[in-house]
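Engineer: sequence-free structure coming up:
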């Protein structure tokens, strides 16, 4: 009897332990199988009896390939005790999504807990195998063939403070066969077919709160459309910032000595006005913006960029501001790829491979490529030799003209001097001597001697 009671208690204890463990934050992906080019959609959630103590920011998430940290384009947003994440899967491989320690607590006991999330993802192409009959010399033969269906979705969510502005989602077929899909938002359902490399932009008007743009195709995708209610940022959750950038980072392709303007849309998600906005950038750029923003408003930050040498620069655009007496800030990572003069748009390509895999070497900040320059995933890559960069000054011939003028003036002076020497008036004694000689000559010539 005692053994039976003990067994039951152990079983109940195990169930309780599993329940507690499963209540921890977890990253759930909509699709575990991911192909290069697709958009990874996920959500970090808790059980209903627990809550996050702070939003998860982009700085809290990193990507690893083995032990090496790698970069992906991604973003994260918070709404109603859930953190939504999207990642653009731009290459194949085995990766780990890892977070910094996440703080959360029990809603009743207020017990504070901490957990680091690690999620393994494999990005690999998944071809669809099918059979096709072909006619060979009058004989029908069945052969196996393959095709790919890959749908890119950008962005992976929409986070919009108002329901008065139209937003868009861009769908692109990156596979080698036609993709047929049906998308739904609200009560509207639309069928769409995309041939390989075809792009379709779909405009929607957020309905408010949390809704989803649903796509049904070879997989199902649910794109979150988030419009926070006024005064709400979750349940007992500290919002890390009221000012946000519409884009997670700014990636710019420049050409040497060509001025280019970029726009970043800034959104005030807060209920109060923002004042004292001050924006700086590294590397230095030209910035134009307003120093204040009303609650639930937006403004465009204008950025003028110019580079004198080809290469890669990585920096940040930082905006500090005041909410009442509280000072806060946001940072937008900045990636600048400057291509040589006369580069065409088709040639402005950043490779997915690292420089070492292309047989090149990475040039330092103050170096340029003497050879074939390109951009790899890890920086400015050179198939050749990296040499020190020097700003070439325009060739000046002023010194040569100065020498010529000096020589001409010297020659003129010399000839003037010679002429002056020939026309100098003779001295009185020289004139007297010449007259005496002439007189003696006349006398000697006029006497006849016998």
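Structural biologist: That came in fine, so what should we check first? Worth saying up front: this structure is predicted, and the values here are computed from it rather than measured.

Engineer: helix or strand for the residue positioned nearest the centre of the chain, which one?
Structural biologist: When Cα atoms, centre = their mean is applied to the chain, the residue found nearest the centroid is residue 251 (2.1 Å). Applying DSSP states H and E as the criterion places residue 251 in strand 250-255.

Engineer: Parallel or antiparallel, which strands does that strand pair with?
Structural biologist: As defined by DSSP bridges, the strand partners of strand 250-255 come to strand 326-339 (parallel).

Engineer: State the next helix or strand along the chain beyond the partner strand.
Structural biologist: Taking DSSP H and E, what comes next after strand 326-339 is strand 361-362.

Engineer: Packing partners of that next one?
Structural biologist: Using 3 or more Cβ pairs under 8 Å, 6 or more residues apart in numbering; DSSP states H and E, the elements in contact with strand 361-362 are strand 379-388. Every residue, glycine included, has its C-beta placed from N, CA and C.

Engineer: Would you mind pulling up the elements that the strand it packs on packs against?
Structural biologist: So strand 379-388, by 3+ Cβ pairs under 8 Å, 6+ apart, packs with strand 311-323, strand 361-362, strand 367-376.

Engineer: low-scoring pLDDT stretches of the stretch 151-300 of the chain, where are they?
Structural biologist: Low-confidence segments of the stretch 151-300 of the chain (pLDDT under 70): 163, 229-241.

Engineer: Pull the distance from stretch 30-49 to the chain's centre.
Structural biologist: Mean-position distance between stretch 30-49 and its chain equals 23 Å (Cα atoms, centre = their mean, to the nearest Å).

Engineer: List the buried residues for that stretch?
Structural biologist: Buried residues in stretch 30-49, counted by 16 or more other Cβ atoms under 10 Å: 34-47.

Engineer: Just checking, which helix or strand succeeds the strand holding residue 251 along the chain?
Structural biologist: Moving toward the C-terminus from strand 250-255, the next helix or strand (DSSP H and E) is strand 260-268.

Engineer: Please name the strands paired to that next one in the sheet, noting orientation.
Structural biologist: In the sheet, strand 260-268 lines up against strand 243-245 (antiparallel), strand 298-305 (antiparallel) (DSSP bridges).

Engineer: CSV for the ones you listed, including mean neighbour count and distance to residue 344?
Structural biologist: Formatted as CSV, the strands paired with strand 260-268 follow (neighbours: other Cβ atoms under 10 Å; distance: least, Cβ to Cβ, whole Å):
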stretch, mean neighbour count, distance to residue 344
strand 243-245, 20, 30
strand 298-305, 17, 19
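
Engineer: now do the same end-to-end measure for stretch 47-60.
Structural biologist: Its start and end residues considered, stretch 47-60 measures 21 Å (Cα to Cα, to the nearest Å).

Engineer: how about it: buried residues?
Structural biologist: 47, 50-52, 55-56, 58, 60.

Engineer: Nearest to residue 98 among these?
Structural biologist: residue 60 (9.6 Å; Cβ to Cβ).

Engineer: show me what contacts the closest residue to that closest one other than its chain neighbours?
Structural biologist: Nearest non-adjacent residue to residue 60, counting by Cβ to Cβ, 6 or more residues apart in numbering: residue 100, 4.4 Å away. For residue 100, the contact set (Cβ atoms under 8 Å, 6 or more residues apart in numbering) comprises 59-61, 116.

Engineer: element containing residue 144?
Structural biologist: Element membership of residue 144 [criterion: DSSP H and E] is strand 139-147.

Engineer: which other helices and strands contact that strand?
Structural biologist: Here strand 139-147 touches strand 128-136, going by 3+ Cβ pairs under 8 Å, 6+ apart.

Engineer: List the strands paired with the strand it packs on, with their directions.
Structural biologist: strand 139-147 (antiparallel).

Engineer: Which residues does the strand it pairs with contact?
Structural biologist: 127-135, 175-177.

Engineer: Settle this for me: residue 155 is touching residue 75, isn't it.
Structural biologist: Yes - assessed by Cβ atoms under 8 Å, residue 155 is found in contact with residue 75 at 7.1 Å.

Engineer: Please enumerate the shared neighbours of the two.
Structural biologist: residue 86.

Engineer: So what's the residue count around residue 247?
Structural biologist: 15 (other Cβ atoms under 10 Å).

Engineer: tell me the contacts of the nearest residue to residue 347 once chain neighbours are set aside?
Structural biologist: Nearest non-adjacent residue to residue 347, counting by Cβ to Cβ, 6+ apart: residue 339, 7.1 Å away. Residue 339 makes contact with 253-256, 310, 347-348, 373, according to Cβ under 8 Å, 6+ apart.

Engineer: Among the contacts of residue 100, which one sits closest to residue 322?
Structural biologist: residue 59 (21.7 Å).

Engineer: and the closest one, helix, strand or coil?
Structural biologist: Secondary structure for residue 59, judged by DSSP: H, G, I helix; E, B strand; the rest coil, is helix.

Engineer: Quick check: the gap between the closest residue to residue 272 other than its chain neighbours and residue 79.
Structural biologist: Distances taken as Cβ to Cβ, 6+ apart put residue 295 closest to residue 272, at 5.5 Å, once the chain neighbours are dropped. According to Cβ to Cβ, to the nearest Å, residue 295 and residue 79 sit 18 Å apart.

Engineer: Please say which of the two ends up with more neighbours.
Structural biologist: residue 79 (21 against 14).

Engineer: any idea how far the more buried one is from residue 298?
Structural biologist: In this view, residue 79 and residue 298 are 18 Å apart by Cβ to Cβ.

Engineer: re earlier: can you list the strands paired with strand 260-268 in TSV and add distance to residue 123?
Structural biologist: Converted to TSV, the strands paired with strand 260-268 look like this (distance: least, Cβ to Cβ, whole Å):
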stretch	distance to residue 123
strand 243-245	27
strand 298-305	32
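
Engineer: can I see the domain layout of the protein?
Structural biologist: 241-346, 349-392 (automatic domain parsing).

Engineer: What pLDDT is listed against the residue nearest to residue 60?
Structural biologist: Per-residue pLDDT puts residue 100 at 91.
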